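In: Predicted model follows, preceded by the sequence.
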Amino acid sequence: MTPVDLRSGLDGVSALRSTAPEDGSPHRKARLKPLKNPRTGPIDHAYWGAEYPEADLERALRSAGLEFQRLDRAALLDRAAAHLNAGHVVGWFQGRSEWGPRALGNRSILAHPGLPGMKDLINQKIKRREAFRPFAPTILAEEVGNYFVQDIESPFMMHVVKIRPEKREALSAVCHRDHTGRLHTVTRSQNPRYYDLTKKFSERSAVPAVLNTSFNEIITI
């Protein structure tokens, strides 16, 4: 959906896609014409990119000289949630990479969204970019209306929505100067492990959201 959908009351207007075309649309249209424009149905997630064998991941860790442990799902979620709640920054890498311009929980840097100084810490020490650059919240889909003025789904992080006044402190690290957040909603059906991590963090922090930014430094990927 676009802002037109959300504020005008118009039906049947939809222009949102998880990754926008540049100059390839006429070419794709021409190729689809002989096929009578087949439709593949709605796209409800963006996890269409590369997935790496566990052996490749282990090899990369060893070559970097990093120590690692194997954890079962429950232990992994509990430890990651504990680190987030303690104010640590977590690198979250799982499954297939995202297709499109946003990190949506498979190649993400995560942090507590309400800790003072967290935004500056990540901008200065990790992303190494301008201090004014904001970060986005990933929030459990069922909690959106409690924290944002519009209760919408935003699985591709394509909407900017006002944060409720009483929730701005809880989301201070992802609240822009105009009191908006670049909203990313997550459901268990879209991304089970990332949803469960956010839920586990919520149980510890009473905040059903995490700060989410992409795996890159200085230069956009």
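Out: Good, I have the coordinates. Predicted model, so just to flag it, every value in this text is computed and none were measured.
In: who touches the residue nearest the centre of the chain in this structure?
Out: Centroid-nearest residue in the chain, with CA atoms, centre = their mean: residue 104, separated by 3.0 Å. Residues near residue 104 by CB atoms under 8 Å, 6 or more residues apart in numbering: 45-47, 98, 138, 155-157, 184, 186, 191, 212. (Glycine included, C-beta is placed from N, CA and C.)
In: Ok, residue 139 next?
Out: Shown in contact with residue 139 (CB under 8 Å, 6+ apart): 147-148, 183-186, 198, 208-209.
In: That one should be in a strand, yeah?
Out: Yes. Counting by DSSP: H, G, I helix; E, B strand; the rest coil, residue 139 falls inside a strand.
In: got CSV for the contacts of residue 139, with neighbour count, distance to residue 62 and secondary structure too?
Out: Shown next, in CSV, are those (neighbours: other CB atoms under 10 Å; distance: CB to CB, whole Å; DSSP: H, G, I helix; E, B strand; the rest coil):
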residue, neighbour count, distance to residue 62, secondary structure
147, 24, 41, helix
148, 23, 43, strand
183, 26, 38, strand
184, 25, 33, strand
185, 24, 37, strand
186, 27, 32, strand
198, 27, 30, helix
208, 22, 36, coil
209, 29, 34, strand
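In: Quick check: the two most widely separated of these?
Out: 148 and 198 (15.3 Å; CB to CB).
In: that older thread, what's the separation between the residue nearest to the centre of the chain and residue 190?
Out: Using CB to CB, to the nearest Å, residue 104 is found at 9 Å from residue 190.
In: same thing with residue 93?
Out: For residue 93, the distance to residue 190 equals 17 Å [CB to CB].
In: Equivalent analysis for residue 66, please.
Out: In terms of CB to CB, residue 66 sits 30 Å off from residue 190.
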